[in-house]
Each structure stands twice: as structure tokens, then as C-alpha cells.
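> only the shape, not the letters, is given here:
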């Protein structure tokens with residue numbers, strides 16, 4: 001239980017491609033939501049739910 005114990009180096013769970021895709025989804029909808037599903041510390045799914053408002 002010493003303070004010298006080192007945590008394993010963890011690879012980033014998010015890469016540039018994932019970020020780019022999430023930003024594309026956000027920019028492409030006017031009303032709705034973007035859900036990022038994470039499993040075991042990694043993005044496994046991105047959902048885009050768009051709502052169309054009728055006037």
C-alpha cells in the first residue's frame with residue numbers, strides 16, 4: 001500500500017475519428033440528441049436521435 005505503486009498506462013478511449021464523427025452528428029441536427037455509448041472504457045456506439053418540428 002505504498003504511494004510508489006504505479007497505475008497502468010491506459011490508452012485513450014477516444015480517437016480523432018470518434019471526435020470528428022460526434023461533431024458531425026451534433027452539427028447535422030437542429031433538434032434532438034446525440035448519445036455516446038461506452039463499454040469497457042471505449043466508445044462502442046454513437047446514436048443520433050433527430051426530432052422534426054412541425055409548425
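Ah, there it is. The structure presented is a predicted model; accordingly, all values stated were derived computationally and were not measured.
> which elements pack onto the host helix or strand of residue 19?
Assigned by DSSP states H and E, residue 19 falls within helix 16-28. On a contact count with 3 or more CB pairs under 8 Å, 6 or more residues apart in numbering; DSSP states H and E, helix 16-28 meets strand 32-39, strand 42-50. Placement of C-beta: from N, CA and C, glycine included.
> which stretch among those strands comes nearest residue 16?
The minimum distance between residue 16 and the helices and strands packed on helix 16-28 falls on strand 42-50, with 12.2 Å, by CB to CB.
> partner strands of the closest one and their direction?
Under the criterion DSSP bridges, strand 42-50 sits next to strand 32-39 (antiparallel) in its sheet.
> show me how far the partner strand is from its chain's centre.
6 Å (CA atoms, centre = their mean, to the nearest Å).
> list the buried ones in it?
Neighbour counts over strand 32-39 (16 or more other CB atoms under 10 Å) mark residue 34 as buried.
> contact partners of that strand?
13, 22, 25-26, 43-51 (CB atoms under 8 Å, 6 or more residues apart in numbering).
> over to stretch 46-55?
By CB under 8 Å, 6+ apart, stretch 46-55 touches 18, 21-22, 25, 28-37.
> give me the low-pLDDT residue ranges for the protein?
1-4, 7-11 (pLDDT under 70).
> show me what the one residue sitting closest to the centre of it bridges to in the sheet.
Centrality entry for the chain: nearest residue to the mean C-alpha point is residue 36, 4.2 Å, by CA atoms, centre = their mean. Beta bridges link residue 36 to residue 46, judged by DSSP bridges.
> and residue 42, by the same measure?
Applying DSSP bridges to residue 42 gives these bridge partners: residue 39.
> just checking, it touches residue 13?
Yes: Residue 42 lies in contact with residue 13 (CB atoms under 8 Å); the separation is 4.8 Å.
> what about the spatially closest residue to residue 41 that is not a sequence neighbour, which helix or strand?
Using CB to CB, 6 or more residues apart in numbering and skipping residues adjacent in sequence, the residue nearest residue 41 is residue 13, 4.9 Å away. For residue 13, there is no helix or strand it lies in under DSSP H and E.
> who are the contact partners of residue 13?
Applying CB under 8 Å, 6+ apart, the residues near residue 13 are 38, 41-43.
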